[in-house]
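Enquirer: sequence first, then the predicted structure:
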Amino acid sequence: MRVFKLRNIILLLLSLVIVLSGCGKNPGQPPVGGGSNTPPPTTSTPPEQKASQIVLYFSDADAMYLTPELREIKPASGATLPQAIIAELIKGPTESGHFATLPKTTKVLSLEERQGIAYVNLSKQFEEDYPGGTTGEFLALGSIIRSLTELPTINRVQFLIEGKKVEVLAKGHVDLSNPAERVITFGSLEQNRSKIEALQQGADQGQNRWLLDPINVAKTEGPLHGLYVNGEYKLISKTEMGAGSGTGEALIRHEYKGMSFDIWLIQPVKTGSTGIWVINSIMPYATKDEAIASFLKKSFIQPNFGGKIFSSYEVLGEKDMDGRKFIYIWALCEEYYQEGGALKLGSGVSIPISLILYSQDEKHNGVIDYRVPGDGSNYGPDIKRIFPTDVQRKISTRQGNVKDLQEKNLTTAQQHFK
């Protein structure tokens with residue numbers, strides 16, 4: 001069976017924006033079960049049960065998008081909020097126009113959360129009964145990923161079947177051997193002119209008045225393209241005659257989990273208070289350094305001692321290839337925390353990384369993919385496979401020689417904890 005990386009499949013599904021990351025091994029992830037295929041133990045205790053508002057993602061009528069549904073629930077006794085979210089997904093949607101993505105026979109054998117990764121251990125029934133096919137697979141897995149990563153503490157999802165990692169599902173195509181993450185569609189969005197004109201006619205007749213407010217459009221349509229329901233949406237600018245489009249333009253900034261995104265909207269039919277708004281493009285709002293720092297902070301280690309993650313890195317090389325920008329770095333990510341008035345070092349990881357960057361301009365950059373070498377005997381061959389020859393030489397020099405990066409992290413930590 002051929003295994004397809006998700007970022008290749010997504011080119012064939014222009015409307016489907018459920019993206020799973022099939023990238024390299026996460027060095028910040030603890031070995032699953034000490035090298036076995038069972039999820040790592042968790043020391044967390046389920047909190048006292050109380051009502052919580054959650055965001056669930058279900059299929060739309062055309063099986064093209066995952067659309068959010070807000071629901072207030074109270075987890076069953078002993079259940080964590082992530083466990084309750086999956087249970088609600090299995091129950092299915094309650095809103096009209098939403099359709100279930102998981103078979104009713106789905107059973108969650110366990111769900112552990114550690115270091116920002118949710119380990120979702122599904123029964124064999126899920127693998128046997130989900131619809132299959134590219135679309136069915138993306139909807140089923142994507143609904144779990146989107147719903148769980150709406151939580152502030154979860155960034156990725158590692159799927160297990162009967163307690164074991166699988167490369168692909170029996171009827172599947174997506175690489176599941178590594179944690180999957182929520183990926184946002186960056187760049188210009190395709191517009192359907194006839195649909196837009198029909199929506200404008202409806203608004204003229206008093207229908208769907210929310211389309212006349214750019215903030216409401218960003219909040220409603222943004223999550224279809226990977227943005228979060230949670231977090232803040234705020235108006236940055238608005239004009240009735242934009243220099244770029246010649247029509248109404250608005251900029252909405254979306255912020256969540258320490259990340260920022262710019263949502264550009266236009267009024268494609270008519271301007272002013274009676275013109276509808278549509279999303280024209282979505283871009284990460286960050287400098288190159290901010291984008292890399294944000295990626296390092298959330299992607300490799302989580303604060304196991306209740307501290308804060310500090311990251312430093314050196315750029316080993318850059319390369320433009322096939323319209324994409326590759327940046328090769330050596331990164332050191334470390335946790336610092338205070339105990340008894342003293343600053344102490346917690347978790348840490350030091351590793352070379354190949355980053356693929358979305359880069360529109362100086363203010364709009366974001367990491368969209370990455371590769372890291374594997375452990376043990378895989379390390380050497382992976383270095384040769386992932387990095388250019390000139391970068392390989394710099395990696396050899398950097399190995400075991402990160403004192404300057406340690407000093408940067410320590411200085412930043414000392415300033416933070418003053």
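Expert: Nice, I can see it. These numbers come from a predicted model, not from an experiment.
Enquirer: what's the neighbour count on residue 224?
Expert: 19 (other CB atoms under 10 Å). Heads up, the C-betas are built off the backbone N, CA and C, glycines and all.
Enquirer: and the residue nearest to it when sequence neighbours are not counted, how close does it get to residue 260?
Expert: Nearest residue to residue 224, sequence neighbours excluded (CB to CB, 6 or more residues apart in numbering): residue 65, at 4.7 Å. When CB to CB, to the nearest Å is the yardstick, residue 65 and residue 260 sit 23 Å from each other.
Enquirer: can you report how many residues lie near the residue lying closest to residue 108 once chain neighbours are set aside?
Expert: Computed as CB to CB, 6+ apart, the closest residue to residue 108 that is not its neighbour in sequence is residue 86, at 5.1 Å. Residues near residue 86, counting by other CB under 10 Å, number 23.
Enquirer: for the residue most central in space within the chain, give me its contacts.
Expert: The C-alpha lying nearest the average C-alpha coordinate of the chain belongs to residue 182 (CA atoms, centre = their mean; 2.6 Å). Residue 182 sits next to 19, 145-146, 149, 155, 226 when contact means CB atoms under 8 Å, 6 or more residues apart in numbering.
Enquirer: looking at those, which one is closest to residue 414?
Expert: Nearest to residue 414 out of these is residue 155 (CB to CB; 27.0 Å).
Enquirer: chain neighbours aside, what residue packs nearest to that closest one?
Expert: Per CB to CB, 6+ apart, closest to residue 155 is residue 116, 4.3 Å.
Enquirer: what sits against the one you found?
Expert: 153-156, 298, 302.
Enquirer: so which of those residues sit within strands?
Expert: residue 156 (DSSP state E).
Enquirer: show the pLDDT at the residue nearest to residue 224.
Expert: What the model reports for residue 65 is a pLDDT of 94.
Enquirer: mean confidence (pLDDT) on the top helix by length along the chain, please.
Expert: Taking DSSP state H as the assignment, the helix of the chain that covers the most residues is helix 133-149. What helix 133-149 shows for mean pLDDT is 92.
Enquirer: what's the answer for stretch 114-123, then?
Expert: 90.
Enquirer: ok, what's across the strand from residue 312?
Expert: Note on residue 312: beta-bridge partners by DSSP bridges are residue 332.
Enquirer: test my guess that it contacts residue 411.
Expert: No: with contact defined as CB atoms under 8 Å, residue 312 does not reach residue 411; the gap is 9.6 Å.
Enquirer: between these two, who's got more neighbours?
Expert: For residue 312 versus residue 411, neighbours defined as other CB under 10 Å are more numerous around residue 312 (23 against 12).
Enquirer: distance of that one from residue 402?
Expert: Taking CB to CB, one finds residue 312 at 8 Å from residue 402.
Enquirer: over to residue 335?
Expert: In terms of CB to CB, residue 335 sits 15 Å off from residue 402.
Enquirer: rewinding a little: got CSV for the contacts of residue 182, with distance to residue 196 and neighbour count too?
Expert: Listed next are the contacts of residue 182 as CSV, based on distance: CB to CB, whole Å; neighbours: other CB atoms under 10 Å:
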residue, distance to residue 196, neighbour count
19, 25, 24
145, 30, 27
146, 26, 27
149, 30, 24
155, 34, 19
226, 21, 20
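Enquirer: in the lengthiest strand in the chain, what's buried?
Expert: Of all the segments assigned as strand in the chain under DSSP E, the longest by residue count is strand 342-361. Using 16 or more other CB atoms under 10 Å as the test for burial, strand 342-361 gives 346-359.
Enquirer: out of these, the closest to residue 214 would be?
Expert: residue 358 (23.0 Å).
Enquirer: hang on, that closest one packs against residue 368?
Expert: Yes: Residue 358 is within contact range of residue 368, at 4.9 Å (criterion: CB under 8 Å).
Enquirer: picking up where we left off before, does the residue nearest to residue 108 touch residue 111 like I think?
Expert: Yes: if you go by CB under 8 Å, residue 86 and residue 111 touch, sitting 6.4 Å apart.
Enquirer: what do these two both touch?
Expert: In terms of CB under 8 Å, 6+ apart, residue 86 and residue 111 are both contacted by the residues residue 120.
Enquirer: what about the helices in this structure?
Expert: Counting by DSSP H, the helices of the chain are 6-9, 81-91, 124-129, 133-149, 193-204, 214-221, 288-299, 379-386, 389-398, 403-416.
Enquirer: would you mind measuring from residue 299 to residue 292?
Expert: For residue 299, the distance to residue 292 - CB to CB - is 10 Å.
Enquirer: I should have written residue 305 there, sorry.
Expert: 24 Å.
Enquirer: same check on residue 227?
Expert: For residue 227 relative to residue 292 (CB to CB), the value is 21 Å.
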